[in-house]
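Enquirer: Provided below are the primary sequence and the corresponding predicted coordinates.
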Amino acid sequence: MMNQHMCSLQYIDQSLTILIFGWPISIAWSIQEVRKGGNQTVEGTQKRRKMEEEEGEVANLNWTLPVPSVQELVRQQRPDAVPPRYLRDDMVMGDRRHQESSLGLPCIDLGKLMDPPSRSAELRNLHSACHQWGLFLLVNHGVSDEGMRMMKENVQGFFELPYCEKQKSAQRPGSLEGYGQAFVTSHDQKLEWNDMIFLRCFPPDARSLELWPQNPPEFRMALEKYSEYMRKLVVAVVKYIGMALGIHQGELDLQMRSFGEGKCEVRMNYYPACPEPERAIGLSPHADISGITLLTECGNIPGLQVLSKDNRWVTVPPVPGSIVVNLGQIMEVYSNGTYRAPDHRAVVNEEKERVSIATFFYPGSSLLVGPSPQLLAATGLPPIYRTLSDSEYMQCFFNRKLDNAVPFIDTLKL
Ligand SMILES: O=C(O)CCC(=O)C(=O)O
Ligand SMILES: [Fe+2]
């Protein structure tokens with residue numbers, strides 16, 4: 001089913017702007033998804049994993065080569081130049097000249113969306129944000145300050161732990177879940193200036209609790225609460241994005257319910273300070289294959305950049321109290337191309353490490369991945385994209401041809 005060659009090609013071809021991280025995870029996920037009887041206890045997940053190993057499925061996905069932690073590299077060696085394996089002069093230098101300030105990036109107020117007198121004006125802003133950028137800052141989102149603070153502190157606290165402690169949550173062979181780096185499939189592959197811990201949160205039986213850190217002691221509780229807050233928030237975000245698109249009643253309810261029941265995966269990123277930030281990349285350009293991604297900055301260090309419609313890299317400023325909403329490709333398909341799943345990337349800096357939390361949401365299997373029927377009926381426009389089940393969507397993602405630079409979403413076009 002899996003093909004190593006395919007993975008490495010996909011990864012090293014920087015001209016492809018796809019979700020570098022999310023797709024193999026989703027493959028691993030789809031295998032987990034068909035497992036019956038998994039439960040969320042440590043024993044349950046271990047048993048499930050053993051079953052997978054016995055059936056040989058994990059071996060097929062065993063394409064992640066362990067690589068050194070960038071944080072440890074910086075901590076121990078204090079390099080004054082970027083080591084060759086991280087040098088990305090090919091992609092960074094040219095692009096950096098086109099970086100722009102954040103002027104013009106949309107900011108949406110959830111409070112205004114919820115309040116009938118201000119709703120229609122804010123829905124117009126939301127429509128324009130999704131159409132022009134596919135990314136916006138969300139303020140007044142209603143997530144408790146305490147929940148946000150706890151999560152940020154615990155994520156930062158986790159990365160500050162000694163390496164051997166973090167290794168207790170290390171990725172296991174055949175899976176990207178856990179502490180490590182984005183997948184690496186060849187020894188000469190260029191690496192990103194990033195360490196991460198990736199954990200599945202919903203549905204609850206998808207959790208690999210043995211990988212959930214027990215240190216800091218409140219980490220698990222913080223993640224559990226945070227993912228629950230984010231899940232509630234994404235349902236509201238989906239509702240208003242649907243309304244901005246002109247969706248109503250039955251289909252809107254279905255869309256909201258589907259996101260409420262769907263997959264939620266959290267990737268916590270650590271980007272150490274870099275001696276030559278112009279020559280390395282924190283996270284390569286990609287568009288998320290999720291439905292919606294909610295991104296939280298743990299400090300006020302900028303690093304996220306989004307590609308504008310006219311191909312400029314624009315820095316997304318860390319605004320205290322805000323959450324970045326980033327549309328994934330499922331939403332671009334759903335909107336029949338009206339809304340964008342923008343390419344984005346993370347750059348690094350010389351002064352200070354940066355920590356971010358990306359939470360990916362996928363609609364549940366009750367909803368097909370395809371253009372909205374209501375939208376098609378209302379506009380009278382033909383569908384641009386095919387309609388697929390969620391598992392077919394993922395199959396298309398990893399089965400697509402990699403011998404040309406066609407973006408993944410274009411392979412779904414009719
Ligand atoms: O760190 C960031 O700001 C970007 C994270 C991201 O795009 C991802 O994890 O998919
Ligand atoms: Fe992303």
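Expert: That came through fine. Ligands and ions are numbered 1, 2, ... in the order given.

Enquirer: Only C-alpha atoms from now on, for both contacts and neighbour counts.
Expert: OK.

Enquirer: what residues does the protein put near ligand 1?
Expert: When proximity is defined as CA under 6 Å from any ligand atom, the chain approaches ligand 1 at 267, 269, 304, 345, 346, 356, 358.

Enquirer: mind checking the SS state of residue 258?
Expert: Assigned state for residue 258: helix (three-state reduction, DSSP: H, G, I helix; E, B strand; the rest coil).

Enquirer: how deep is it tucked in, by neighbour count?
Expert: Per other CA atoms under 10 Å, the neighbour tally for residue 258 reads 20.

Enquirer: Then residue 149?
Expert: As a burial measure, the neighbour count of residue 149 was computed by other CA under 10 Å and equals 15.

Enquirer: Which of the three states applies to it?
Expert: Assigned with three-state DSSP, residue 149 falls in the helix class.

Enquirer: how close does it sit to ligand 1?
Expert: Residue 149 sits 18 Å away from ligand 1, taking CA to the nearest ligand atom, to the nearest Å as the criterion.

Enquirer: Low-confidence ranges, the stretch 51-200 of the chain, go.
Expert: Counting by pLDDT under 70, the stretch 51-200 of the chain shows low-confidence ranges at 51-64, 92-103, 183.

Enquirer: Residue 202 against residue 263, yeah?
Expert: Yes. Residue 202 lies in contact with residue 263 (CA atoms under 8 Å); the separation is 5.1 Å.

Enquirer: Compare those two and say which one has the larger neighbour count.
Expert: Between residue 202 and residue 263, counted using other CA under 10 Å, residue 263 has the larger neighbour count: 24 against 21.

Enquirer: tell me the pLDDT at the more buried one?
Expert: Each residue has a pLDDT score; the one for residue 263 is 95.

Enquirer: cool, and residue 382?
Expert: Model confidence at residue 382, given as pLDDT, is 97.

Enquirer: Now for it: which residues touch it?
Expert: Contacts for residue 382 (CA atoms under 8 Å, 6 or more residues apart in numbering) come out as residue 376.

Enquirer: just residue 364 next, same as before
Expert: Residues counted as contacts of residue 364 (CA under 8 Å, 6+ apart) are 258, 259, 260, 261, 262, 263, 390.

Enquirer: could you redo the last one with a cut-off of 6 Å?
Expert: 258, 261, 262 (CA atoms under 6 Å, 6 or more residues apart in numbering).

Enquirer: tell me which of the residues of the chain next to ligand 1 is nearest to ligand 1?
Expert: residue 304 (4.1 Å; CA to the nearest ligand atom).

Enquirer: Tell me the spacing between the residue nearest to the closest one when sequence neighbours are not counted and residue 366.
Expert: Excluding the flanking residues, the one nearest residue 304 by CA to CA, 6 or more residues apart in numbering is residue 346, at 4.5 Å. Counting by CA to CA, to the nearest Å, the gap from residue 346 to residue 366 is 33 Å.

Enquirer: Same question for residue 329.
Expert: Distance, residue 329 to residue 366, using CA to CA: 18 Å.

Enquirer: Settle it for me: which of those two has more neighbours?
Expert: residue 329 (26 against 15).

Enquirer: okay, that one: pLDDT?
Expert: 97.

Enquirer: Now for it: which residues touch it?
Expert: In this structure, residue 329 makes contact with 289, 341, judged by CA under 6 Å, 6+ apart.

Enquirer: and if you look at the one 3 residues further on?
Expert: Neighbour list for residue 332: 339, 340, 341 [criterion: CA under 6 Å, 6+ apart].
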